[in-house]
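*Asks:* give me a 3D structure for the following:
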Amino acid sequence: MSNRLQERLGALSAARLKGMRRGIEKESLRALPDGKLALTPHPLALGSALTHPHITTDFSESQLELITGVHAGVASALEELTRVHQFTYRVLDGLGDERLWVSSMPCGLPTDETIPIGRYGSSNVGRAKSVYRMGLSHRYGRRMQTISGIHYNWSLPDVTSEQYFALIRNFRRHAFLLLYLFGASPALCSSFVAGRPHELQPLGDGSMFMPHGTSLRMGRLGYQSDAQASLAVSYNSLDGYGASLQDALTRPWPAYEAIGIRNLGGDYNQLGTSLLQIENEFYGTIRPKRVINPGERPLHALRERGVEYVEVRLMDLDPFETVGINAQTMRFIDVFLLHCLLSDSPDDTPQEIADLAHNQHLTAARGREPGLRLSRGGSEVALADWGVELAEQCLPIAEALDAAQGNGTPHVDAVRAALAALGNPDSLPSARVLAAIEQQHGNSFVGFVRAQSEQTRAALLALPFSPEQQAAFEQMTAESIQEQKRIEAADTMPFEIYREQYVSPARLGMARGRVAALAA
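*Replies:* Sure, this is the predicted structure:
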C-alpha cells in the first residue's frame, strides 16, 4: 500500500466511513417452468411500473427490476431486497407458475419482435419510456436487452465530483477484478446467439459456453454496439464527461436517421436520431449519478449539482444466491470502491481507454484461463498477479471499515476470500456454474437455471412474511396505480411537443445563471 493511500485512509474518520451508503437495483426476467420467457403483461398486483418505488420493469414487460432504498448497512439493504422479492414471488405464485430467472443470460427467447417492450401507460412520460425502448430494439435488437444484472449504487459523505471521477477512472482500470471474482455468466442458451457471429463453443444440445469465461454479459455478446464503440468518453472531469455525452446526445447518426423517428403508419420508432437517444443508453461499467427532479435530464442535473453517487453496473446475478448477491460480495465492493477513491488516479488517455475495453473483453471471455495477461501501462501483466496486488492493497481499507463498524472482521474476511479465489479459479461463481451445468444437468444451461430458479422460488416463498408486510406492499401497489392515473390526468401537452422538448439540446446544459457564476 502506497504511503499516500495510507495517509488518505488515515484521514478518513470513523464517522465518514459509517456514512457510506449503498442501494441495489436487480433485474430478472419472468420465466415459465419450462425455461421459456413469460409473455404476460407486468402483473397489476405488483403496481405501476411507472411509479412504484421498489418494483418496476427494465427493457421488457417481462423483465422485472427490484429496487431497494438507500442503506447505511449491507444487512439492511439485503433484508429489504429480500422482502421485495418475497412480495413479488407471492404475487407471481398467486397468478400462476411464473418465476424469476436467476441467471444474467436470458432464458429461452422467442423471435426478436415477439419479446414485449415495457409499457408505462398513456402519459407523456410513460409513452416516452416505451418509445425509448422501441428505439433500443431497432438499434440493438431485443435479445441483447433481455440480459439482466445488478446495479450497485454507492456513496460516501463529503466526496466532490472531482473525487468521484477519480474513483471512476480507477474503477475502470481495475474492473477486471470484479468480473473475475463475481462473473457468473460463462454459458447461455443458444437461442440468444441464433443468427449472430460469436466465438462460443457448443455445450451439449442447445447451450453454448466459453471454457474459461467469467461474464459473457460483459463481453462482446453483451451490451455492445458499433455506434457506441466510436465513443471514447473521458472521465477526467465532469466538464469533459458532460461534453462527450452532450456530443453523443446531439450528434446525428446515419444508421439511426435511416430508421426515422416515426414509421410510415405514424408510430414512433425512437425518441431521436442522434447516437444516443438519452443518457441511459450509454453503456458503461460505472456511471456518475445524482437524483434528478421530475422531467429533468440526468446530464443537466449532474452539471448543475454535481455527482451524488456512483452506479456500478457490471455485477452478474449470482444464481447460487436467493436474491442474486450476498453480503460478502457487497462488502468486497464497498472496500474496492474505497480503494478506487483513495488511490492515485492519473487522467485517462485514448490509449488507456482502448486497453481497458480490451481487458474487459478478455476477462469476460477468458478470465479463468491460466496465465492470462492484461494490458497495464503499455506492458502486460498476469491477471492473477495484478488481482492479488489490488486485493492486498484493500486489506488495510477493510481493517479500517471493520474498526469503524465494530462488528468483527466481515470486510477483512471478504478480501481474504477474494485472495483465496485468485489462487483457486475453480471456486469462482463462473466455474461453479459450468461444473453444475456439466455434472448435474447434462450440459444444459437452461436445465441448470430452471433448477436454480425453482429452488430460489421455493426458498423465498418459504420465508416468513407477516400480514403487516403484505399489507404495506399492497398499499404501495394501490398508491402507485393512483399516482400513474394522476400523472395521466394532468397531461395536456401533445406527445410530439413533449418529445421535441425533452430531447432538445437546450435541456442538457446548465442554467445560465450558474454558467455565469462558474465563469466569474
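*Asks:* contacts only, for the nearest residue to residue 112 once chain neighbours are set aside.
*Replies:* Spatial nearest neighbour of residue 112, chain neighbours left out: residue 142 (4.8 Å); criterion: CB to CB, 6 or more residues apart in numbering. No exception for glycine: its C-beta is placed from N, CA and C like everyone else's. Listed by CB atoms under 8 Å, 6 or more residues apart in numbering, the contact set of residue 142 reads 59, 60, 112, 113, 115, 117.
*Asks:* and the pLDDT at residue 142?
*Replies:* On pLDDT, residue 142 comes in at 94.
*Asks:* tell me where the stretch 351-500 of the chain has helices.
*Replies:* All helices of the stretch 351-500 of the chain, identified by DSSP state H, counting those that start in this stretch, fall at 383-405, 410-422, 429-440, 445-462, 467-490, 495-502.
*Asks:* which residues sit against stretch 452-467?
*Replies:* Where contact means CB under 8 Å, 6+ apart, the residues beyond stretch 452-467 that reach it are 31, 33, 82-83, 85-87, 89-90, 93, 99-103, 319-320, 322.
*Asks:* flag the shaky bits of this structure, pLDDT-wise.
*Replies:* The model of the chain has pLDDT under 70 over residues 1, 223-225, 510-520.
*Asks:* now residue 502: closest residue in space that isn't a chain neighbour?
*Replies:* Spatial nearest neighbour of residue 502, excluding adjacent residues (CB to CB, 6+ apart): residue 128 at 6.3 Å.
*Asks:* surely the one you found is in a helix?
*Replies:* Yes - looking at residue 128 with DSSP: H, G, I helix; E, B strand; the rest coil, it is inside a helix.
*Asks:* so it makes contact with residue 497?
*Replies:* No - using CB atoms under 8 Å, residue 128 makes no contact with residue 497, being 11.9 Å away.
*Asks:* okay, these two: which has more neighbours?
*Replies:* The residue with more neighbours, out of residue 128 and residue 497, is residue 128; 20 against 10, by other CB atoms under 10 Å.
*Asks:* circling back: which among the helices of the stretch 351-500 of the chain is found nearest to residue 238?
*Replies:* helix 495-502 (22.3 Å; CB to CB).
*Asks:* what comes up buried for stretch 107-121?
*Replies:* Under the neighbour-count criterion of 16 or more other CB atoms under 10 Å, stretch 107-121 has 107, 108, 109, 115, 116, 117, 118, 119, 120, 121 buried.
*Asks:* ditto for stretch 242-260
*Replies:* Neighbour counts over stretch 242-260 (16+ other CB under 10 Å) mark 242, 244, 245, 246, 248, 249, 253, 256, 259 as buried.
*Asks:* next: stretch 74-88.
*Replies:* Of all the residues in stretch 74-88, those buried under the rule 16+ other CB under 10 Å are 74, 77, 78, 80, 81, 82, 83, 84, 85, 86, 87, 88.
*Asks:* state the phi and psi torsions of residue 233.
*Replies:* Main-chain torsions, residue 233, degrees, to the nearest 10: phi -70, psi 130.
*Asks:* do the one 4 residues further on as well
*Replies:* Note on residue 237: its backbone torsions stand at phi -160, psi 160 [degrees, to the nearest 10].
*Asks:* ok, it - how many residues close by?
*Replies:* Counted with other CB under 10 Å, the neighbours of residue 237 add up to 14.
*Asks:* how about the helices of the stretch 201-350 of the chain, start to end?
*Replies:* Assigned by DSSP H, counting those that start in this stretch, the stretch 201-350 of the chain shows helices spanning 226-229, 238-250, 254-259, 298-305, 327-342, 350-366.
*Asks:* what does the longest one contact?
*Replies:* The list of residues contacting helix 350-366 from outside it, by CB under 8 Å, 6+ apart, reads 172-173, 175-176, 179-180, 183, 199, 210, 212-220, 222, 232-234, 285, 372, 374-376, 383.
*Asks:* check which residues of that helix are buried.
*Replies:* Result for helix 350-366 [16+ other CB under 10 Å]: buried residues 352, 353, 355, 356, 359, 360, 361, 362, 363, 364, 365, 366.
*Asks:* for residue 152, see how far away the fifth one is.
*Replies:* Pointing back at residue 359 there. In this view, residue 359 and residue 152 are 20 Å apart by CB to CB, to the nearest Å.
*Asks:* then the last one?
*Replies:* Computed as CB to CB, the residue 366 to residue 152 distance reads 25 Å.
*Asks:* isn't residue 17 up against residue 404?
*Replies:* Yes - contact criterion CB under 8 Å: residue 17 and residue 404 qualify, at 4.0 Å.
*Asks:* need the contact list for the closest residue to residue 135 other than its chain neighbours.
*Replies:* Spatial nearest neighbour of residue 135, chain neighbours left out: residue 270 (2.9 Å); criterion: CB to CB, 6+ apart. Residue 270 makes contact with 131, 132, 134, 135, 138, 139, 256, 259, 261, 277, according to CB under 8 Å, 6+ apart.
*Asks:* which ones are touching the fifth one?
*Replies:* Contacts here follow CB under 8 Å, 6+ apart; on that basis residue 138 touches 256, 259, 269, 270.
*Asks:* closest to residue 156 out of those residues?
*Replies:* Nearest to residue 156 among those, with distances taken as CB to CB, is residue 270, at 37.4 Å.
*Asks:* for the closest one, give its distance to residue 105.
*Replies:* Using CB to CB, residue 270 is found at 26 Å from residue 105.
*Asks:* one more: residue 159?
*Replies:* Remark: distance between residue 159 and residue 105 (CB to CB) = 34 Å.
*Asks:* same deal with residue 25?
*Replies:* Distance of residue 25 to residue 105, given as CB to CB: 18 Å.
*Asks:* now do the contacts for residue 69.
*Replies:* Residue 69 touches 23, 53, 54, 80, counting by CB under 8 Å, 6+ apart.
*Asks:* mind listing what the residue nearest to residue 256 when sequence neighbours are not counted touches?
*Replies:* Spatial nearest neighbour of residue 256, excluding adjacent residues (CB to CB, 6+ apart): residue 273 at 4.6 Å. If you count contacts by CB under 8 Å, 6+ apart, residue 273 has them with 252, 253, 256, 257, 259, 260, 261.
*Asks:* what ranges does the stretch 101-250 of the chain have for its strands?
*Replies:* Counting by DSSP state E, counting those that start in this stretch, the stretch 101-250 of the chain has strands at residues 150-155, 187-189, 201-203, 207-209.
*Asks:* how about residues contacting the longest one?
*Replies:* Right, strand 150-155. By CB under 8 Å, 6+ apart, the surrounding residues in contact with strand 150-155 are 20-27, 70, 289, 308-313, 315-317, 324-325, 330, 333-334, 337.
*Asks:* what subset of the residues you listed is buried?
*Replies:* Buried members of those, scored by 16+ other CB under 10 Å, are 20-27, 289, 308-313, 315-317, 324-325, 330, 333-334, 337.
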